[in-house]
Structures are given as C-alpha cells and as structure tokens.
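**Q** I need the structure of the sequence given here:
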Amino acid sequence: MEQLTIGKLAKQAHVNRETVRYYERRRLLPRASRSMSGYRVFPDDALRRLRFIRHAKVLGFSLNEIRELLTLRINSIDTCDRVRERTEVKIADIERKIQALQHMNDALSELVAACSRRGRTKDCPKRLVRGSHRRSQWLTRSMRKNHGNWDS
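**A** Prediction:
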C-alpha cells in the first residue's frame, strides 16, 4: 500500500492541502500517521475517499451527509438500502430546487416581457437595479402569486 504525503494526496485529488487538513479535522478522512521525519502520510485509500468526498460535494451533499454515507460504506449490513434512501431524499431535494429555479426563471421572464412592452428602456431595468420599492414588490408578489413560495 502506497503512502501519500499531504502534498501528493492534495495534488492527486485536485484540492489544496488546507482542504485535506479540514476534512481530517472534520473526521471525513482518517488521521494521518507521521513519517520518521514528521510528515503526514496517508494510505492510498485516503485518495479514493477524498475523491468520493469531492464527487459527493459536487452532487450537492453536505459534509454531514457525506460523513453518513462514508459511515454506511464501512460496515453496515443494510448499506445499500440506507444509501439508496439518503440518495432518494437528496434527489427529491434537487428536484424541489430545480422547480424553484424554474419558477424564478418564469417570473423573471415575465418581468423582462413587461419591461420590453413599456417602450422606454430607461424606466424598466434601471428602476429594478436601483431597487425601486414598487417594482421589487411587483416582482415578489408576481413570483409568489404565480409560483408559490420560491424561497424554500
């Protein structure tokens, strides 16, 4: 089994050293042993684990969720069922976010259409950018009326 210094591990995983240290402190990575010269050394399994963490973060899992998934991977009899359940919860969360973003997109598209009907460009975007209270209220009311609670 190859031993990796923190620098080699970070480089191969495409993260910086502080990220490795942070994950080690958060107990997402096992504590590194020390070489005779005092360097942190990680087993090559740490690279697979670090890549898993990075990939899970890209998919939207929080560090706490990732820790649970890593725990399930190690020694649980019902690993597949529990991982599947947590993944299904995450998928539902992602679908809610996609729906909320689509609602926001629809409301903003309506705003763009309303502004373009005015004919005078100086009245529409600048008021919104400057924070026109009336226009901001219209956008908020329109988004909530047409698309429900988009804040969640």
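**Q** give me the buried positions along the host helix or strand of residue 80.
**A** Assigned by DSSP states H and E, residue 80 belongs to helix 79-118. Across helix 79-118, burial judged by 16 or more other Cβ atoms under 10 Å covers 90, 100, 103, 107, 111, 115. Glycine gets a C-beta too; all of them are placed from N, C-alpha and C.
**Q** distance to residue 31 and pLDDT added to the residues you listed, as TSV?
**A** Listed next are the buried residues of helix 79-118 as TSV, based on distance: Cβ to Cβ, whole Å; pLDDT from 0 to 100:
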residue	distance to residue 31	pLDDT
90	28	81
100	40	91
103	45	90
107	49	84
111	53	78
115	57	72
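**Q** what is the nearest of the residues you listed to residue 84?
**A** residue 90 (10.7 Å; Cβ to Cβ).
**Q** could you measure from the closest one over to residue 103?
**A** Shown here: residue 90 relative to residue 103, a distance of 21 Å by Cβ to Cβ, to the nearest Å.
**Q** list the buried ones in stretch 17-26?
**A** 19-20, 23-24.
**Q** need the max-distance pair from these.
**A** The most widely separated members of those, counting by Cβ to Cβ, are 19 and 24 (9.6 Å).
**Q** picking up where we left off before, nearest to residue 32 among the buried residues of stretch 17-26?
**A** residue 24 (6.6 Å).
**Q** quick one: contacts for that closest one?
**A** By Cβ atoms under 8 Å, 6 or more residues apart in numbering, the residues touching residue 24 are 30-32.
**Q** can you tell me which of those are buried?
**A** Looks like those have residue 32 buried, using 16+ other Cβ under 10 Å.
**Q** got a list of what residue 53 touches?
**A** 23, 28-29, 66, 70.
**Q** out of those residues, list just those in helices.
**A** Residues of the contacts of residue 53 located in helices (DSSP state H): 23, 66, 70.
**Q** what about the second one, how many neighbours?
**A** Okay, so that is residue 66. Using other Cβ atoms under 10 Å, residue 66 has 21 other residues around it.
**Q** flag every buried residue along stretch 37-49.
**A** 40-43, 46-47, 49.
**Q** break the protein down into its structural domains.
**A** Annotated domains of the chain cover 3-56, 90-147 [automatic domain parsing].
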